[in-house]
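Engineer: Fold the following.
(2 chains)
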Amino acid sequence: MSGLRVHDLTFSYGEKTALDGVNFELTAGHFCALLGPNGAGKSTLFGVLTRLLSAPQGTIQIAGHDLTKTPRAALAKLGIVFQQTTLDLDLSVRQNLSYFAALHGISGHAATTRIDQALDRLNMLERADEKARSLNGGHKRRAEIARALLHDPAVLLLDEPTVGLDAAARSAITEHVHQLCAEGTTVLWATHLTDEVRDSDDLVILHRARVLAQGVTCDIREGRPLQEMFLDLTAQSA
Amino acid sequence: MNAYLSSLHAIVKREALRFVHQRERFIAALVRPLVWLLVFAAGFRAALGLSIIPPYQTYITYETYIVPGLCGMIMLFNGMQSSLSLVYDREMGSMKLLLTSPLPRWWLLLCKLLGSTAISILQVYTFLAIAAAFGIVMPLLGYLLALPALIVAGLMLGALGLLLSSFIRQLENFAGVMNFVIFPMFFMSSALYPLWKMAESSELLYTICALNPFTPAVELIRFALYLSYNGQALVWAVLATAVFTLAALWGYNPARTGLGKKR
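Structural biologist: Here you go, the predicted model:
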């Protein structure tokens, strides 16, 4: 079953093409790393997948819902962690989550229960009443991931979620998100860091607006270190 | 609770919390019109003689004349300030959170608009209470009748703010908004002087003032405070609100490709 399907997606900023006929498909419940150097088009792809941008060509299906034809049904199935933090720093973690829950039509007792569950899932329950401003980078990210899971999305998008985090926080968050896949969530994890990609993960390599490779990581790297293969591949197409 | 209502509640609550957290903003919003009222108006009292014009039935002091204009000023600043907060939201990314909600975008933006209007009205009533404490009082019922006028004016100026925020890319541009939107709108209106005075100086300026959508907003408040009704002002204000709102919704349309655009 397909979690996320992107077909022939094209987008440009004026003359500059940011996505050029991008195609890929994510199997439900799989972790897929979207690997690409800076400027590859990852953030644009996220903009289009979240409907902040509208692509003139191509289709996107999120858990079977077409984003252009039924945007609201598609967005309801989507959890998003943006690259920049989107927490309101003056509000507590719980207030941030309950604001988001309301934006998804969840309120009252249902919201409280889901917030507790989501925070617990990310080991953040004891920090629920702390102001977002007082959290460290890793905990802010976890709060954002917990928030993105509140409405039980089928697909979770994370745009370079480990930027600016130390090694321990990075590995904890990577581990948490892999755990989510084991529980059935489809994950698209954008990164430019090859060490965040596991051999068993699915992989899409994006470079200069195009998909250069896709498949299971260990098949793509063919016994070579991923970093080396990635540098070669992006150098060849440059 | 219905999804629409719960989102409205959450967005308005967030606006209110933000406002409470920024105490300086509340004080600044009050000090500005009070300086105009208690200092500027006192100084100009002698210089500006006012004849009896509707809705006033007798000679009034200049302080009394500018109160509705200053109510409008509070709403104008608040509308622009909430647009500033939207630009800030967008730079900080929290606007993205709002716009990726599965609820219709027009509804979410409308909730934002209602939130900022509610804050404006709260500020205006606080200002009117302080003005009353200084002896500048309106008819009692006028305070109540002004509410619908304030709602219309607040929505119009909030919608203008929303529209501007869809085009402003960075916070720094707010100085431009100040120079090119707030000041011209405020000075080229009936807030500080009746328009017939402007007509005596320049017909062109008079026409601009009459067309300025801030003028009907101020007149609507002025008439309502004095228990009368200005149909023409209402039509103009509602029309301007509709135009600004539709343009703002267009501005936030994903197909316009503005929101995720790299700066």
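Engineer: residues near whichever residue of chain A sits closest to chain B, how many?
Structural biologist: Of all residues in chain A, A:G105 sits closest to chain B, at 2.7 Å by CB to the nearest CB. Heads up, the C-betas are built off the backbone N, CA and C, glycines and all. Per other CB atoms under 10 Å in any protein chain shown, the neighbour tally for A:G105 reads 20.
Engineer: Let me see the contact set for it.
Structural biologist: By CB atoms under 8 Å, 6 or more residues apart in numbering or on different chains, the contact set of A:G105 is B:2-4, B:6-7, B:102-103.
Engineer: And for A:G215?
Structural biologist: A:202-203.
Engineer: give me the subset of the contacts of A:G105 touching chain A.
Structural biologist: Among these, proximity to chain A is found for B:2-4, B:6-7, B:102-103 (CB under 8 Å from any CB of the partner chain).
Engineer: Among these, the buried ones, what's the ChimeraX command?
Structural biologist: Filtering those down to the buried ones (16 or more other CB atoms under 10 Å in any protein chain shown) takes a single ChimeraX command:
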select /B:3,6,7,102,103
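Engineer: Now the ones next to chain A among the contacts of A:G105 in TSV, please, with extra columns for pLDDT, secondary structure and distance to B:A240.
Structural biologist: Formatted as TSV, those follow (pLDDT from 0 to 100; DSSP: H, G, I helix; E, B strand; the rest coil; distance: CB to CB, whole Å):
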residue	pLDDT	secondary structure	distance to B:A240
B:N2	84	coil	30
B:A3	85	helix	30
B:Y4	91	helix	26
B:S6	90	helix	31
B:S7	91	helix	26
B:P102	91	coil	31
B:L103	91	coil	26
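Engineer: What is the nearest of the ones next to chain A among the contacts of A:G105 to A:L158?
Structural biologist: A:L158 has its nearest neighbour among the ones next to chain A among the contacts of A:G105 in B:P102, at 19.0 Å by CB to CB.
Engineer: surely the closest one meets A:G79?
Structural biologist: No - checked against CB atoms under 8 Å, the pair B:P102 and A:G79 is beyond contact range at 11.5 Å.
Engineer: The host helix or strand of B:I221 packs against which elements?
Structural biologist: For B:I221, the element it lies in under DSSP states H and E is helix B:214-225. The helices and strands touching helix B:214-225, judged by 3 or more CB pairs under 8 Å, 6 or more residues apart in numbering or on different chains; DSSP states H and E, are helix B:62-92, helix B:140-167, helix B:231-251.
Engineer: and it with helix B:62-92, angle?
Structural biologist: Angle of helix B:214-225 versus helix B:62-92, following axes from the mean of the first three to the mean of the last three CA atoms, to 10 degrees, is 130 degrees.
Engineer: got the contact list for helix B:214-225?
Structural biologist: Here helix B:214-225 has contacts from B:54-55, B:67-69, B:71-72, B:75-76, B:138-139, B:142-143, B:145-146, B:148-150, B:152-153, B:156-157, B:185-186, B:188-191, B:195, B:209, B:229-230, B:232-237, B:240, using CB under 8 Å, 6+ apart.
Engineer: which residues touch the closest residue to chain A within chain B?
Structural biologist: Of all residues in chain B, the one sitting closest to chain A is B:A3 (2.7 Å; CB to the nearest CB). Contacts for B:A3 were tallied using CB under 8 Å, 6+ apart; they are A:104-105, B:103.
Engineer: Good, wrapping up.
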